[in-house]
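> sharing a model that was predicted from the sequence below.
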Amino acid sequence: MDISILKSLLCNSVNSIKYLEEVDSTNNYAKRLAFENIDDQLPYLITTNDQTKGKGRMGRVWKSEPGENIAMSLLLKAPDGFSNYSSTTLLSALAVVKAIRDIASLSCLIKWPNDVIYDTKKICGILTEMISIGNSNYIIVGIGINTNSNLFPDEIKDKATSLYIATGKKISREELIAKTINYFMDYYNDLIKINDLSFIKDEYNSLLISKDKEVILSSDNIPFPENPYISRGIDSNGGLLVESKNGQTFSVTSGEVSVRGLLGYAK
């Protein structure tokens with residue numbers, strides 16, 4: 001990866017960039033950075049050529065082929081009073097969809113809350129975390145994009161794809177990272193001003209793969225006896241609105257619930 005090219009494309013949207021040839025997890029590295037009193041260097045982008053212990057939502061493993069894909073994290077300091085950090089997951093998904101459209105000319109959709117889908121297969125996963133240090137809160141937005149991989153393990157090849165598989169062309173990781181981060185920071189700056197997702201709700205819902213379709217809800221702690229429900233899009237706080245068989249609509253949050261299509265992962 002050419003960091004000089006990446007820096008030139010980032011349009012001053014971040015203050016610091018760290019490239020690592022190998023790291024356990026870019027999110028873990030960002031956590032360690034947050035303890036180093038570097039507030040004046042934020043937003044801070046961390047990216048790597050090889051992530052050896054990547055992780056996804058709910059403790060799942062995120063595997064990435066060295067040198068072919070994008071694994072990155074953005075470290076941000078949350079403004080005082082800001083608590084809806086999970087909203088940044090949804091903004092990240094929008095940013096990735098727009099960046100892929102620009103760079104690879106593909107139309108992707110979003111599987112709430114944290115996956116980007118192409119042709120019913122996962123092409124990007126997002127993991128947002130928040131940590132508190134003293135009186136300060138930090139947001140870590142981790143993004144993994146299957147960029148130039150050609151093969152996937154048997155256990156996930158029916159659920160995952162890459163930009164290379166979809167287009168037959170190698171994609172510039174520098175360009176895709178920069179586009180994603182530039183779009184994200186524009187969204188994030190608006191979120192800080194408005195303090196909810198009303199400004200992107202229509203855009204997000206137009207890309208939601210489950211919109212107005214039946215979905216299966218599951219949780220370790222919450223029973224959903226009326227499965228399947230109908231997905232009605234997100235609310236202004238980023239929760240997914242679902243409608244039960246008796247016509248009642250309620251919101252579920254990403255920290256509590258997993259959502260699947262009736263026929264599997266995204267269908």
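Yep, that arrived. Numbers count the residues shown, from 1 in each chain.

> just checking, residue 11 touches residue 182?
Yes. Counting by Cβ atoms under 8 Å, residue 11 touches residue 182, with 5.3 Å between them. C-beta here means a position set from N, CA and C on the backbone, and glycine is covered the same way.

> who has more neighbours, these two?
residue 182 (18 against 12; other Cβ atoms under 10 Å).

> who does the host helix or strand of that one touch, helix- and strand-wise?
Element membership for residue 182 (DSSP states H and E) is helix 173-194. Applying 3 or more Cβ pairs under 8 Å, 6 or more residues apart in numbering; DSSP states H and E, one finds that helix 173-194 contacts helix 3-9, strand 44-48, strand 70-77, helix 87-104, strand 136-145.

> dump these into TSV; add mean neighbour count, distance to residue 167 and mean pLDDT as well.
Shown next, in TSV, are the helices and strands packed on helix 173-194 (neighbours: other Cβ atoms under 10 Å; distance: least, Cβ to Cβ, whole Å; pLDDT from 0 to 100):
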stretch	mean neighbour count	distance to residue 167	mean pLDDT
helix 3-9	14	20	95
strand 44-48	25	22	97
strand 70-77	25	15	97
helix 87-104	23	5	98
strand 136-145	24	13	97
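
> any chance of the ones you listed in JSON lines, with distance to residue 196 too?
Below are these laid out as JSON lines (distance: least, Cβ to Cβ, whole Å):
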{"stretch": "helix 3-9", "distance to residue 196": "30"}
{"stretch": "strand 44-48", "distance to residue 196": "26"}
{"stretch": "strand 70-77", "distance to residue 196": "18"}
{"stretch": "helix 87-104", "distance to residue 196": "8"}
{"stretch": "strand 136-145", "distance to residue 196": "16"}
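
> what residues does the helix or strand bottoming out on mean pLDDT in the chain touch?
When each helix and strand of the chain is scored by mean pLDDT, DSSP states H and E, strand 258-261 comes last, with a mean of 91. By Cβ atoms under 8 Å, 6 or more residues apart in numbering, the surrounding residues in contact with strand 258-261 are 58, 111-112, 209-210, 213-219, 231, 240, 252, 266-267.

> quick one: that strand to chain centroid distance?
16 Å (Cα atoms, centre = their mean, to the nearest Å).

> buried sites along it?
Judged by neighbour count (16 or more other Cβ atoms under 10 Å), strand 258-261 contains these buried residues: 259-261.

> count of neighbours near residue 35?
Count around residue 35 with other Cβ under 10 Å applied: 10.

> my guess is it contacts residue 136, does it?
No. Using Cβ under 8 Å, residue 35 makes no contact with residue 136, being 10.7 Å away.

> ok, back up a step: keep only those of the contacts of strand 258-261 that are in strands.
111, 214-218, 231, 240, 252 (DSSP state E).

> picking that back up, got the CA positions of the least confident helix or strand of the chain in PDB?
Taking Å, rounded to 0.1, in the frame of the first residue of the first chain, the C-alpha atoms of strand 258-261 are listed here in PDB:
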ATOM      1  CA  SER A 258     -29.500 -10.200  14.900                       C
ATOM      2  CA  VAL A 259     -31.600 -10.000  11.800                       C
ATOM      3  CA  ARG A 260     -31.700 -12.500   9.000                       C
ATOM      4  CA  GLY A 261     -33.800 -12.900   5.900                       C
END
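
> where does the prediction get shaky in the stretch 151-267 of the chain?
Nowhere does the stretch 151-267 of the chain drop to pLDDT under 70.

> 90 instead?
151-157, 195, 220-222, 254-256, 261-267 (pLDDT under 90).

> quick check, central residue of this structure?
residue 126 (2.8 Å; Cα atoms, centre = their mean).

> ok, and the closest non-adjacent residue to it?
In space, and not counting its chain neighbours, residue 126 is closest to residue 114: 4.2 Å by Cβ to Cβ, 6 or more residues apart in numbering.

> check residue 24 too.
residue 53 (4.3 Å).

> how many residues are close by that neighbour?
For residue 53, using other Cβ under 10 Å, the count is 12.
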